[in-house]
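**Student:** Sequence below, structure please.
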Amino acid sequence: MFIGAIGSANAQVVIEEADFPVIGESITFGKDNNIDAALNFSLGPIGGGQTYDFSMLVTDELSTVGFYDPADPAILGGSDFPTANLAVDQLAGIYAFTEVGNGTVDIIGLGGDFAGQLGSPFPIIVSLIAQDPWTLFEFPASVASPILEDTAHFEGKFFSTGLVPSPINALWNPDSVHVKRVIYYSAEVDGDGTLTDPLGGTHNVIRMNVVETSIDTIWGWTAANGWERPPSTAENFLGLPSNETVYRKRYIGKEVGYYVADITTDMAGTTAESGSFVSDQSECCTGIEEVVAAGQTVLYPNPTSNSVRVRTGGDIYQLNIMDMSGKLLQSNRLTVDGQTVELNGLANGLYVYQMLDESGKMAHSGRLSVIK
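**Tutor:** Model prediction:
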C-alpha cells in the first residue's frame, strides 16, 4: 500500500470507512516477541498531535495480513457467509469474514482450517458463525469518538470422528464437537499524531486503547451421553475452557486504513510487552527467524513416526521436546541445517517442542504429533 505524505502533526487524524483496506490489498507485519526494556520504547502520551517513534522495534518474525474476496472458492468457509464483503486472513488460513459498510466493520464469522489452533495433525475445516457479530471499528474514528464497547458471540459444530488427536482421543473421542467463543471488547481512541515504523515510513495515526477478553469453551457429543464437556484431563490438555484478557495499544494508519502497529501491554497500559508493526524482509531475520519468515516448515515431517528433520537457517540451537504437561522428554543439540533427530523413545501422542538459541532464549516453538 502507498504511504502518502504526512501533513501537519497538529491536524486531527480522522479514519473514514473509505480508508479501510479492500480486496486484493495486503500488509506485511514484523513481530517483536519481547520488547527490550533497554530500548526505552515509549507508547506515547494521551492527546492529539503526538509523535510515536517505533523505529527501534526488532523484527523477530514476519507475517502477512491479506484481504480477500469471500466468494473466491479458494477461501475456506466463504460460502457460509454470503453477506460478507471481505475476508481477512490473520491466522494462516483462518479468515475473519467481515461486513464493511454503514460506518462499521463487523466480523460476522470465522472460518477455515482450525487444526493448528486445536492441536490436531489433521485438517479441521470449521465455520464459527456469529450469533452476535463483533464490531471492530466505527467510522469516522478520531480522538472525539465515543468509546466503542461490544460483545461478540461465535459458535460452530463439526463432525470429529477420526480428528481428535492422540493421546486426547484415549480420554475423549466424541462424534461431534461444539466450539464457542465469546469476546468482550472495549476500544477508546485516546491519541493521534505521526508514527515512524522500523522501515522509516511515517503514518498519520489514531491510537486505540483496547481491552479484549476472550472466553473459549468446547463440548462433545456421543450417542450415549449427548452433549457434554470433556473430562477435566482432556480439558487441561486442550487448554479449554479458557478466559484470557489482553491489553493493547493499536495505532491505526490513515493511509492504510488498518493497524500499522499493535502493541500488547501490561494491565496498566504503561509497559510494552510485545508488538506487531509494519515491516519487511529487510528487517528480518537470522537463523530460525529467516526460515519462519520464508514460510518454510521448521520441523518436518509432522506428523511423524520415528524421526524429524529440523531447519535452523544455519544457526545452532537446543531442541527440547516435552509432553503436554511440560515434562522434558528429549533434548538434542542442532548444529546442521536440516539435521535429523530420532524420536524412537516417544510414544503416539502430541508433544510440544522448543528451540533455544545459544543464549538460552526461546527462538521458536510448536507442536509435534507422533503416529506409529
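
**Student:** For the rest of this, base every contact and every neighbour count on C-alpha atoms.
**Tutor:** OK.

**Student:** which parts of stretch 32-47 are buried?
**Tutor:** For stretch 32-47, the neighbour count (16 or more other Cα atoms under 10 Å) marks 32, 33, 35, 41, 43, 44 as buried.

**Student:** doesn't the fifth one fall inside a helix?
**Tutor:** No - the assignment for residue 43 (DSSP: H, G, I helix; E, B strand; the rest coil) gives coil, which keeps it out of a helix.

**Student:** Which residues are in contact with it?
**Tutor:** Contacts for residue 43 (Cα atoms under 8 Å, 6 or more residues apart in numbering) come out as 52, 249, 270, 271, 272.

**Student:** ok, the host helix or strand of the second one: who's next to it in the sheet?
**Tutor:** For residue 249, the element it lies in under DSSP states H and E is strand 242-253. The strands that strand 242-253 pairs with in its sheet are strand 202-222 (antiparallel), strand 259-265 (antiparallel) (by DSSP bridges).

**Student:** got the buried residues for that strand?
**Tutor:** Applying 16+ other Cα under 10 Å to strand 242-253 flags 247, 248, 249, 250, 251, 252, 253 as buried.

**Student:** same deal with stretch 103-113?
**Tutor:** Buried-residue list, stretch 103-113, by 16+ other Cα under 10 Å: 104, 105, 106, 107, 108, 109, 110, 111, 112, 113.

**Student:** Poorly predicted segments of the stretch 1-150 of the chain, please.
**Tutor:** Filtered on pLDDT under 70, the stretch 1-150 of the chain yields the residue ranges 1-10, 92, 116-122.

**Student:** hang on, the earlier thing: can I get the strand holding residue 249 in CSV, CA atoms only?
**Tutor:** Backbone C-alpha positions of strand 242-253 (Å, rounded to 0.1, in the frame of the first residue of the first chain) are rendered in CSV as follows:
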residue,chain,number,x,y,z
SER,A,242,-10.1,-20.5,28.7
ASN,A,243,-10.6,-17.0,29.8
GLU,A,244,-7.9,-14.5,28.6
THR,A,245,-7.8,-10.7,28.8
VAL,A,246,-5.3,-8.9,26.5
TYR,A,247,-4.5,-5.2,26.8
ARG,A,248,-3.3,-3.4,23.6
LYS,A,249,-2.4,-0.1,22.1
ARG,A,250,-3.4,-0.1,18.5
TYR,A,251,-2.2,2.6,16.1
ILE,A,252,-4.5,2.9,13.0
GLY,A,253,-2.9,4.5,10.0
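
**Student:** hmm, who's touching that strand?
**Tutor:** Outside strand 242-253, the residues that touch it by Cα under 8 Å, 6+ apart are 15, 43, 203-217, 258-267, 269.

**Student:** same check, this time on stretch 19-34
**Tutor:** 1, 57-69, 86, 254-258, 273-280, 284.

**Student:** Of the contacts of residue 43, which is the most crowded?
**Tutor:** Among these, the one with the most neighbours (other Cα atoms under 10 Å) is residue 249, at 25 neighbours.

**Student:** Residue 156 is in contact with residue 125, isn't it?
**Tutor:** No - with contact defined as Cα atoms under 8 Å, residue 156 does not reach residue 125; the gap is 10.6 Å.

**Student:** So for those two, which residue has more residues nearby?
**Tutor:** residue 156 (18 against 15).

**Student:** what residues are up against the more buried one?
**Tutor:** Contacts of residue 156 (Cα under 8 Å, 6+ apart): 126, 127, 128, 129, 178, 179, 180.

**Student:** now it, which residues is it bridged with?
**Tutor:** Going by DSSP bridges, residue 156 forms beta bridges with residue 179.

**Student:** per-residue pLDDT, it?
**Tutor:** Here the pLDDT value assigned to residue 156 is 93.

**Student:** Turn the contacts of residue 43 into TSV, columns for distance to residue 160 and secondary structure.
**Tutor:** Output for the contacts of residue 43, formatted as TSV (distance: Cα to Cα, whole Å; DSSP: H, G, I helix; E, B strand; the rest coil):
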residue	distance to residue 160	secondary structure
52	48	strand
249	38	strand
270	43	coil
271	42	coil
272	40	strand
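
**Student:** Could I get the residues you listed in a markdown table, plus columns for distance to residue 142?
**Tutor:** Output for those, formatted as a markdown table (distance: Cα to Cα, whole Å):
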| residue | distance to residue 142 |
| --- | --- |
| 52 | 17 |
| 249 | 15 |
| 270 | 21 |
| 271 | 24 |
| 272 | 23 |
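
**Student:** with those in mind, which one is nearest to residue 352?
**Tutor:** Residue 352 lies nearest to residue 272 out of the contacts of residue 43, by Cα to Cα, at 27.1 Å.

**Student:** Using the three-state scheme, assign residue 290.
**Tutor:** Going by three-state DSSP: residue 290 is helix.

**Student:** which residues sit in contact with it?
**Tutor:** Residues near residue 290 by Cα under 8 Å, 6+ apart: 61, 284, 313.

**Student:** For the residues you listed, which entry has the maximal number of neighbours?
**Tutor:** Going by other Cα under 10 Å, residue 61 tops the contacts of residue 290 with 27 neighbours.

**Student:** Enumerate the beta-bridge partners assigned to that residue.
**Tutor:** With DSSP bridges as the rule, residue 61 is bridged to residue 31.

**Student:** What distance do you get for it to residue 284?
**Tutor:** 7 Å (Cα to Cα, to the nearest Å).

**Student:** ditto for residue 362
**Tutor:** 17 Å.

**Student:** for residue 309, same thing?
**Tutor:** For residue 309, the distance to residue 284 - Cα to Cα - is 23 Å.

**Student:** Thought residue 187 was touching residue 143, still the case?
**Tutor:** No - counting by Cα under 8 Å, residue 143 does not reach residue 187; the two are 11.5 Å apart.

**Student:** and the helix or strand where residue 363 lies, what does it pack onto?
**Tutor:** Assigned by DSSP H and E, residue 363 falls within strand 362-370. Applying 3 or more Cα pairs under 8 Å, 6 or more residues apart in numbering; DSSP states H and E, we find strand 362-370 packed against helix 288-293, strand 349-356.
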